[in-house]
Every structure is written in structure tokens, then in C-alpha cells.
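Q: fold the following, please.
(chains A and B)
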There are 2 protein chains.
Amino acid sequence: MAMQERAVRTRKSLIHTAAAVFAEEGYAPSSLTTISKRAGVSNGALHFHFENKKALAQAVEDEAADTVRRLVRPADRAGTSALQALVDATHGLAECLLDDIVVRAGFDLGSERALGPEARLLSAWREWVEETLRRAEAEGQLAPGVSPDDAAAAIVAVTVGFEVLARDDPHWLAERRIAGFWQLLLPGIAAGYGPVRARPAAREGECSRAEEA
Amino acid sequence: MAMQERAVRTRKSLIHTAAAVFAEEGYAPSSLTTISKRAGVSNGALHFHFENKKALAQAVEDEAADTVRRLVRPADRAGTSALQALVDATHGLAECLLDDIVVRAGFDLGSERALGPEARLLSAWREWVEETLRRAEAEGQLAPGVSPDDAAAAIVAVTVGFEVLARDDPHWLAERRIAGFWQLLLPGIAAGYGPVRARPAAREGECSRAEEA
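A: Down below sits the predicted model:
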């Protein structure tokens, strides 16, 4: 039991260390030796948990995708309009990208050629944005003629863009940047602009909660 | 003279080959040997033109930035409103990113950690977007309360996002995608939406022209 617990902790530590190394150096130049040394485990222990660097990257993406799923769950709860859920979730994602190295690395890995197009985090985010815009349409929240598909594309592209630009300057993920984007986009997409706030409705620190869980 | 001409041609060929290799493999894993072999020149000839991989990457970024400068020039000409110039230039940039491997590689290199934050192409694009939005504000084209800074950030982020997403699926840079984004954004930023078209006012094939020049 204690051994199993230790194994779980080692696996978790390897994922977090790999995320930090990928985020600092990029995926391609990162070496498994650097990761195992920094995590304070032997190369053998690393290979017990992860067959190769790709498997480790996939574990980072999976953990990041789990965090994002936890992040959008409260936004989906009854009583929150679909558009407000979108606004809140983009703020939550920006906060996670700033605070949680695994989410940041998971998002970065999504544009990694070596891993192929099956990036888990970006797909999970994109699917949720698309679904939520279809819900907004069904709830009559979209302005006449707005294509949920175009709106989803713009929102996904802008979140990817902010994340890439924030690698050099974290201000790109500041709350006022995200709110500024929504202030410009909402008049074009929302049927009734009034009830949707460009700043998040509730700041529940999704990222910190996710880390505590 | 013939020798000088040949040197110019070799330099150009190395830049184009490097762009193709960077775009396919990513900057970090690309080797100078692969590039010189594919360009059909010796390692010695490569080193005569470029001290190292970073110098070659900077030459790719410089050539890409020149193309983008040529691309925005007609959009800046008298008679085009600042907002229409922005719409037209984003369409032109998307076309260049699809058709011109040097522009695509130059843009990719902008998010390359190893090259530091001085990415020439992305800075050139960002500065032009910011300037043009200030011009739009001065010309009274922005809706009341719209911050040119927020609008520039949204436009730069969305172009970066589309480019990153298009690495796996070029449809992200399709004309209808770019037009869809503008259709959603224009109501929020333009004082008079009417005169600005989400599709480009004039398709002059900037990229093809730039290549012929």
C-alpha cells in the first residue's frame, strides 16, 4: 500500500517535472535524463512509469485535459447561460495557463508536430467551446445570423494565440486582456448583450481548487 | 558578377530550404546538415552564408517580415479606411501563410523559445496592427469606448491562433474562417459597420506578387 502510494507520487512528480522541462525548453530538445534527474528518480524508475518521452507527454496532456474538464464543469452548471459559461471558462483557462505548469505544457504540446494532431487538451477545449456555442444557439442567445462554428473558431483561435504570445509575456493572459477581447466580441455574437459580463461572473479559483483536489 | 549572382541564388535557396525544414520538423530538431543536403550545397557553402542555425533562422524571419511589409503596403494606400486595411491585411497574411513557406516558417519561429523574444515577423505584424488601429481611432472609425490596444491584442492573438491551428489543418486559414472572425468582431469595434467588408475589398494576390518581385 505504501509502495503503491509512493509509485503514484513518483508518477505525479515525473509528470509535473516533465511539464516544467517541456515548458522551459520545448518538447523536442527535452531529454528524459534531465527530467529524471530533476524529479530525483532513477532512469529505471522513469521507464517503469513511462515507456518513452511521447508517453510522458501524453500523460502531461491527459492531466492537463482533466484540469480543464474540472474547470468547465462549474461553468456548465444550471443557471449559468451558455455565453456566460464561455466567458467564465476562458478566464479560468487563462488563470490555469498562468498558474499551472501542467496545463501550460499540455497546451503547448498541442502545437507539437512530433506528437501528431491528437492533442488531448486542445481537442477537449475546442469540443467544449463548440458544444457550448451550440447550447447558446439553442437557448436563443446568439445574434441573428451568427454561426456557432465561426464563433467557436474565433474563441479557440484567440485562446491559442494568447497562450502562444504569453510564452514571452504573461500579460497576454491577464484578466483585463481576456475581458477586453470579450467586450469586443460580445456585441457581435450575443442576442442580448446586457446579461453577459466580459469579466467572469464568479471567480472561484478553479485552478487552485483543481490543485487541491 | 556571375559569381555574385550565384551567391545570391545560393543564399536564397538556403533560406527557402531552411524554411521548409523548420516548418516540417520544427526549429529545434532541424540540423544544418539536412538543410545543406536538401539545398544541394556543401556545409562549407552554408557556413560561408550563415554562421549558425540561429543566423539562418533570422534570415528566414527577415525575408518573411519583408513579405509582410510588402503585403500591408497596398492596404495602407490612401483611400482605404484603416479598418478595411486591417481586414484586407489579415486575409493577405492568411494567404501568405498558406502559400509561402518562408512566411509560415517566419511566423512559427516567432514562438520559438531558443530565438528569444525578438521575433521580427510577429513584432512587425503587431506594430502594424497597433498603428493601424490608432489610425482607425484618429479617423473616428472605432465604436465609442473601444480601446485600440484591446482590439490590436484580439487581432494579433487570433492571427497567431489561426496560424498555430493551421499547422495541423490548413482550413483554419481559409478565407471563410478569416471573414467569419471579422463578421463577429466588426460590430463590436466599428463605429459604422456598413462600409467595412469582412471579406477583403481587393484580392490582389499579394503573396504571388511578392514572390514575383
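Q: so which residues of chain A form helices?
A: A:2-25, A:32-39, A:43-49, A:53-76, A:82-99, A:101-109, A:120-138, A:148-166, A:175-189, A:206-212 (DSSP state H).
Q: and these, which is most packed in?
A: Of all the helices of chain A, helix A:101-109 carries the top mean neighbour count, a mean of 26, counting by mean count of other Cβ atoms under 10 Å in any protein chain shown. To be clear about C-beta, it is placed using only N, CA and C from the backbone, and glycine gets the same treatment.
Q: lowest average pLDDT across the helices of chain A?
A: Here those differ in mean pLDDT, and the lowest is helix A:206-212 at a mean of 45.
Q: let's have the helices of chain A in JSON lines, adding distance to residue B:187.
A: Listed next are the helices of chain A as JSON lines, based on distance: least, Cβ to Cβ, whole Å:
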{"stretch": "helix A:2-25", "distance to residue B:187": "37"}
{"stretch": "helix A:32-39", "distance to residue B:187": "48"}
{"stretch": "helix A:43-49", "distance to residue B:187": "51"}
{"stretch": "helix A:53-76", "distance to residue B:187": "25"}
{"stretch": "helix A:82-99", "distance to residue B:187": "15"}
{"stretch": "helix A:101-109", "distance to residue B:187": "29"}
{"stretch": "helix A:120-138", "distance to residue B:187": "16"}
{"stretch": "helix A:148-166", "distance to residue B:187": "12"}
{"stretch": "helix A:175-189", "distance to residue B:187": "4"}
{"stretch": "helix A:206-212", "distance to residue B:187": "30"}
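Q: can you redo those as TSV with distance to chain B?
A: Formatted as TSV, the helices of chain A follow (distance: least, Cβ to the nearest Cβ, whole Å):
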stretch	distance to chain B
helix A:2-25	7
helix A:32-39	14
helix A:43-49	21
helix A:53-76	12
helix A:82-99	11
helix A:101-109	9
helix A:120-138	8
helix A:148-166	3
helix A:175-189	3
helix A:206-212	21
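Q: between those helices, which one is nearest to residue B:139?
A: Nearest of the helices of chain A to residue B:139, taken as Cβ to Cβ: helix A:175-189 at 18.0 Å.
Q: so which of the helices of chain A comes closest to residue B:148?
A: The nearest among the helices of chain A, by Cβ to Cβ, is helix A:175-189 at 10.8 Å.
Q: quick one: contacts of that closest one?
A: Identification of contacts with helix A:175-189 by Cβ atoms under 8 Å, 6 or more residues apart in numbering or on different chains yields A:83, A:87, A:90-91, A:94-95, A:142-143, A:146, A:151, A:154-155, A:158, A:162, A:171, A:193, A:196, A:198-199, B:143, B:146-147, B:149-151, B:153-154, B:157, B:183-189.
Q: and the angle from that helix to helix B:175-189?
A: Counting by axes from the mean of the first three to the mean of the last three Cα atoms, to 10 degrees, helix A:175-189 lies at 100 degrees to helix B:175-189.
Q: gap between helix A:175-189 and the chain center?
A: Centroid separation for helix A:175-189 versus its chain: 19 Å, with Cα atoms, centre = their mean, to the nearest Å.
Q: one more: stretch A:55-68?
A: 10 Å.
Q: contacts for it?
A: By Cβ under 8 Å, 6+ apart, stretch A:55-68 touches A:11, A:14-15, A:18-19, A:22, A:27, A:32, A:35, A:46, A:50, A:93, A:96, A:100, A:102-103, A:105-107, A:109-110, A:112, A:115, A:119-121, A:124-125, A:128, A:207, A:210.
Q: can I get it as PDB, trimmed to CA atoms?
A: What follows is stretch A:55-68, C-alpha atoms only, in PDB (Å, rounded to 0.1, in the frame of the first residue of the first chain):
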ATOM      1  CA  ALA A  55       4.200   8.600 -23.300                       C
ATOM      2  CA  LEU A  56       5.300  11.200 -20.800                       C
ATOM      3  CA  ALA A  57       4.000  14.000 -23.000                       C
ATOM      4  CA  GLN A  58       0.700  12.200 -23.300                       C
ATOM      5  CA  ALA A  59       0.400  11.900 -19.500                       C
ATOM      6  CA  VAL A  60       1.000  15.600 -19.300                       C
ATOM      7  CA  GLU A  61      -1.700  16.300 -21.800                       C
ATOM      8  CA  ASP A  62      -4.100  13.900 -20.100                       C
ATOM      9  CA  GLU A  63      -3.600  15.500 -16.700                       C
ATOM     10  CA  ALA A  64      -4.000  19.000 -18.200                       C
ATOM     11  CA  ALA A  65      -7.200  17.900 -20.000                       C
ATOM     12  CA  ASP A  66      -8.500  16.600 -16.700                       C
ATOM     13  CA  THR A  67      -7.900  20.000 -15.100                       C
ATOM     14  CA  VAL A  68      -9.700  21.800 -18.000                       C
END
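Q: what sits against the closest residue to residue A:128 other than its chain neighbours?
A: Among residues not flanking residue A:128 along the chain, residue A:72 sits closest, at 5.2 Å (Cβ to Cβ, 6 or more residues apart in numbering or on different chains). Contact partners of residue A:72, counting by Cβ under 8 Å, 6+ apart, are A:85, A:89, A:92, A:128.
Q: do I have it right that the last one meets residue A:86?
A: No. Taking Cβ atoms under 8 Å as the definition, residue A:128 is not a contact partner of residue A:86, at 9.1 Å.
Q: can you show me the CA trace of stretch A:21-39 as CSV?
A: This file holds the C-alpha atoms of stretch A:21-39, laid out as CSV (Å, rounded to 0.1, in the frame of the first residue of the first chain):
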residue,chain,number,x,y,z
VAL,A,21,11.1,21.0,-18.6
PHE,A,22,8.8,20.9,-21.7
ALA,A,23,7.5,24.4,-20.9
GLU,A,24,11.1,25.8,-20.4
GLU,A,25,13.0,24.0,-23.2
GLY,A,26,10.3,23.0,-25.6
TYR,A,27,9.3,19.3,-26.2
ALA,A,28,11.9,18.4,-28.9
PRO,A,29,15.1,19.3,-27.0
SER,A,30,13.9,18.0,-23.6
SER,A,31,15.7,14.8,-22.5
LEU,A,32,14.4,12.1,-20.3
THR,A,33,17.7,12.2,-18.3
THR,A,34,17.1,15.9,-17.5
ILE,A,35,13.6,15.0,-16.4
SER,A,36,14.5,12.1,-14.2
LYS,A,37,17.4,14.0,-12.6
ARG,A,38,15.2,17.0,-11.8
ALA,A,39,12.5,14.7,-10.4
